[in-house]
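> Here is a sequence together with a model predicted from it:
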Amino acid sequence: MLNLLGLPVAASAHAGEIDEMIVLVHWLMAILFVGWGLFFIYVLFRFRKGANPKASYAGAKGKISKGLEVGVAIVEVILLVFYAIPAWAKRVKAFPSEQEAVVVKVVGEQFAWNVQYPGPDGKFGRTDIRMVAADNPLGLDRSDPDAKDDITTINQLNLPVDRPVLVHLSSKDVIHSFGLYEMRVKQDAIPGMSIPVWFIPNRIGEYEIACSQLCGLGHFRMRGFITIQSQADFQKWFDAQEKELAPARATAAPTAP
Ligand SMILES: [Cu+2]
C-alpha cells in the first residue's frame, strides 16, 4: 500500500511510524469508500420508485447500520489512541537535549528560509530587528561575542546523518510552514514565536524545504534545500564556513589602542 500511495522516500527515524499511520487511515477510508459505495448502489435498486410507489416515512430500522457505525467509531478511536496520540506525544515531549542534538535556528520570511548555526561555542549570537538588512536578513549583531562564530545561510540547511536535530523555528513576517516531506516534518513558523521541532535524519541525500503554508505571491518559490551528510562531510562543510567567517571576524574585532 505504501508504494500505491506514492509517498516520498522516508529519510528520518520517525518516518516509518507516520507512514504506518497514513497507511492504516487509508485502509479504513478504502473500506468505507467501497462499503458505502456498494450500499448506495443497493439502496438505489432496493428503494426504486417502481417497487415503492408510496414513500415510507419511518426510515430504516435494522440493527446492522448502528453496529457498523459503532464499529467505525471504535476503529477511529483505536487509530487515535494507539497511533496518533503516542506519535504526537513523542514529537512534542521527548525532545533531545541541546548537548546531543545539532541545534539550529530557522527563520522564515517572504520568501526564503534563513538558517543560523550557533558555531563552535554552541551559543546563538544576539539578533536585533533594527540590524536587519539585505546582507543581514537575520539582523545578527556581529559585535556580540557569541555571534562572531555564527554561521548563517539562506535556503540551505546542512545536517549530519543519524544525529538528532533541534530546530528553533520562527518567522519574520507572516505564517510560513517548515515542510520537510522526506523527514515527515511539518511545522508552522509563526512571527513572535520560537517553536522547537526535532527529528533524526537517517538517510544521506539532498532534500527540499518547502513552505507548506500559502504565505504570499512568492510562496511558490519559497524553497530551500536540506543536505544530509556523513558526520565527516558535515564537519568539513562546517569548518569551511567557519574559515569564510574568519576575515569578517578580524574586521569586527575591536582594534587595540
Ligand atoms: Cu512561506
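Alright, I've got the coordinates. Being a predicted model, the structure only gives us computed values, none of them experimental.

> Alongside the ion, which residues does this protein contribute?
Within reach of the ion by CB under 5 Å from the ion, the chain has these residues: 176, 211, 215, 222. Where C-beta positions appear, they are placed from N, C-alpha and C, glycine not excepted.

> are any of these buried, and which?
Among the residues of the chain next to the ion, those classed as buried by 16 or more other CB atoms under 10 Å are 176, 211, 215, 222.

> OK, contacts around the first one?
For H176, the contacting residues are 108-109, 188-189, 211, 213, 215, 222, taking CB atoms under 8 Å, 6 or more residues apart in numbering as the criterion.

> Could you find the residue in the stretch 51-200 of the chain that comes nearest to the ion?
H176 (3.4 Å; CB to the ion).

> which regions of the chain sit below the pLDDT cut-off?
Low-confidence segments of the chain (pLDDT under 70): 1-3, 60, 247-257.

> all strands of it, in order?
102-109, 112-117, 151-154, 156-160, 165-171, 176-180, 185-189, 195-199, 205-211, 223-229 (DSSP state E).

> Point out the most buried one among these.
Among the strands of the chain, strand 176-180 has the highest mean neighbour count (mean count of other CB atoms under 10 Å), at a mean of 24.

> Now do that one against strand 165-171, angle only.
150 degrees (axes from the mean of the first three to the mean of the last three CA atoms, to 10 degrees).

> Neighbouring strands of strand 176-180 in the sheet, and parallel or not?
strand 185-189 (antiparallel), strand 205-211 (antiparallel) (DSSP bridges).

> Just send those back as a markdown table, with distance to S171 too.
As requested, these are exported to a markdown table (distance: least, CB to CB, whole Å):
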| stretch | distance to S171 |
| --- | --- |
| strand 185-189 | 4 |
| strand 205-211 | 10 |
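
> among these, which is nearest G125?
strand 185-189 (20.1 Å; CB to CB).

> what's next to the closest one, contact-wise?
Residues contacting strand 185-189 (CB under 8 Å, 6+ apart): 12, 106-108, 169-171, 175-180, 195, 197, 199, 212-213.

> still on that earlier bit, next, work out how far apart the residue of the stretch 51-200 of the chain closest to the ion and S212 are.
As judged by CB to CB, to the nearest Å, H176 and S212 stand 8 Å apart.

> same question, M131
Distance from M131 to S212, by CB to CB: 29 Å.

> And the two? Which one has more around it.
Per other CB atoms under 10 Å, whichever of M131 and S212 has more neighbours is S212, with 18 against 14.

> Can you report phi and psi for that one?
According to degrees, to the nearest 10, the main-chain angles of S212 amount to phi -100, psi 20.

> and it, what is it in contact with?
177-179, 186.

> swap the cut-off to 7 Å and go again
The contact partners of S212, taken as CB atoms under 7 Å, 6 or more residues apart in numbering, are 177, 179, 186.

> Verify the stated contact: the second one with A210.
Yes - the pair G179 / A210 is scored as a contact, 4.3 Å apart, by CB atoms under 7 Å.

> in this protein, which residue is closest to the centre?
By CA atoms, centre = their mean, the chain has its centre lying nearest to K186, at 2.0 Å.
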